[in-house]
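Engineer: One predicted model, sequence on top.
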Amino acid sequence: MGKMEHLIKTYCPNGIEYKELDKIIDILDNRRKPVTKKNREAGIYPYYGANGIQDYVNDYLFDGEFVLVGEDGSVINKDNSPVVTWAEGKIWVNNHAHVLTATNTNLLKYVFYYLQTIDVQKIVRGTPPKLNQKSLRQIKIPVPPIEIQNEIIMVLDKLTELNTQLLDELKNEIDVRKKQYEYYRKQILTFNT
């Protein structure tokens, strides 16, 4: 029996309870504030939209750890999962991303990972696509005991770290190969006349 199976058998022998998203986290959408590109003052704080950082501005609205879920525009991935971003520190979020937070960092990180696995195609509506707050609030999430959440987070954090490391190594290898290619191309195609 694996560690996860043991934890599930120990901590939730009768199954895992599902709860609506708004019952386990706080949604801070009322604190978001859009700023048009021409009215943004350049700075050091990330300015987030539906699909991540859009710019850097000189002020912030939020300070802490947050899960941002695309609200309208680019809100759904090819696998029908929602566009989800982990953001921490001092940030500004416009009205194209829902802002989720929790008093328990592990629960928030668990929600971050879980949201990336669900199909939201049936609740995203309109053109451009929109995941409204009502639909977001009603997403049901399995909420295992904190011991199981911690194990899930530990495994997924480690895999994320390994992926990032491998991608960095691959990028470095590609850069070296491009330089090598340029060098040999120049050598081969240079004719002394």
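Structural biologist: Perfect, I can see it now. Computed from a predicted model, the values in this text were never measured in an experiment.
Engineer: Please count neighbours and contacts with C-alpha atoms only from this point.
Structural biologist: OK.
Engineer: Show the contacting residues for the residue nearest the centre of the chain.
Structural biologist: Closest to where the C-alpha atoms of the chain average out (CA atoms, centre = their mean) is T85, at 2.3 Å. Going by CA atoms under 8 Å, 6 or more residues apart in numbering, T85 touches 51-52, 67-69, 112.
Engineer: Tell me which other helices or strands the lengthiest helix in the chain touches.
Structural biologist: Criterion DSSP state H: the longest helix present in the chain is helix 146-188. Counting contacts by 3 or more CA pairs under 8 Å, 6 or more residues apart in numbering; DSSP states H and E, helix 146-188 packs against helix 3-11, helix 105-115.
Engineer: Identify whichever of those lies nearest to I44.
Structural biologist: Evaluated over the helices and strands packed on helix 146-188, closeness to I44 peaks at helix 105-115, with 24.3 Å, by CA to CA.
Engineer: report the angle between the axes of the closest one and helix 146-188?
Structural biologist: Relative orientation of helix 105-115 and helix 146-188, computed by axes from the mean of the first three to the mean of the last three CA atoms, to 10 degrees: 60 degrees.
Engineer: Show me what counts as buried in the helix or strand of the chain with the lowest mean pLDDT.
Structural biologist: Sorted by mean pLDDT, DSSP states H and E, the helices and strands of the chain end with helix 3-11, the least confident at a mean of 74. If you call a residue buried by 16 or more other CA atoms under 10 Å, then helix 3-11 has these buried ones: 7-8.
Engineer: got the angle between it and helix 146-188?
Structural biologist: Helix 3-11 runs at 160 degrees relative to helix 146-188, counting by the same axes, to 10 degrees.
Engineer: contacts for helix 3-11?
Structural biologist: Residues contacting helix 3-11 (CA under 8 Å, 6+ apart): 15, 145, 147-148, 151.
Engineer: that older thread, let me see the mean pLDDT of the longest helix of the chain.
Structural biologist: In this model, helix 146-188 has an average pLDDT of 87.
Engineer: and that helix, how far from the chain's centre?
Structural biologist: In terms of CA atoms, centre = their mean, to the nearest Å, the centre of helix 146-188 is found 18 Å from the chain centre.
Engineer: Could you give the bridge partners of A42?
Structural biologist: Beta bridges link A42 to V57, judged by DSSP bridges.
Engineer: quick one on the thing from earlier: name the next helix or strand downstream of the least confident helix or strand of the chain, please.
Structural biologist: Reading on from helix 3-11 to the C-terminus, the next helix or strand found by DSSP states H and E is strand 18-20.
Engineer: which strands and helices sit next to that next one?
Structural biologist: So strand 18-20, by 3+ CA pairs under 8 Å, 6+ apart, packs with strand 140-142.
Engineer: From the contact counts, what lies against the strand it packs on?
Structural biologist: On a contact count with 3+ CA pairs under 8 Å, 6+ apart, strand 140-142 meets strand 18-20.
Engineer: how about a cut-off of 10 Å?
Structural biologist: strand 18-20, helix 21-24, helix 105-115 (3 or more CA pairs under 10 Å, 6 or more residues apart in numbering; DSSP states H and E).
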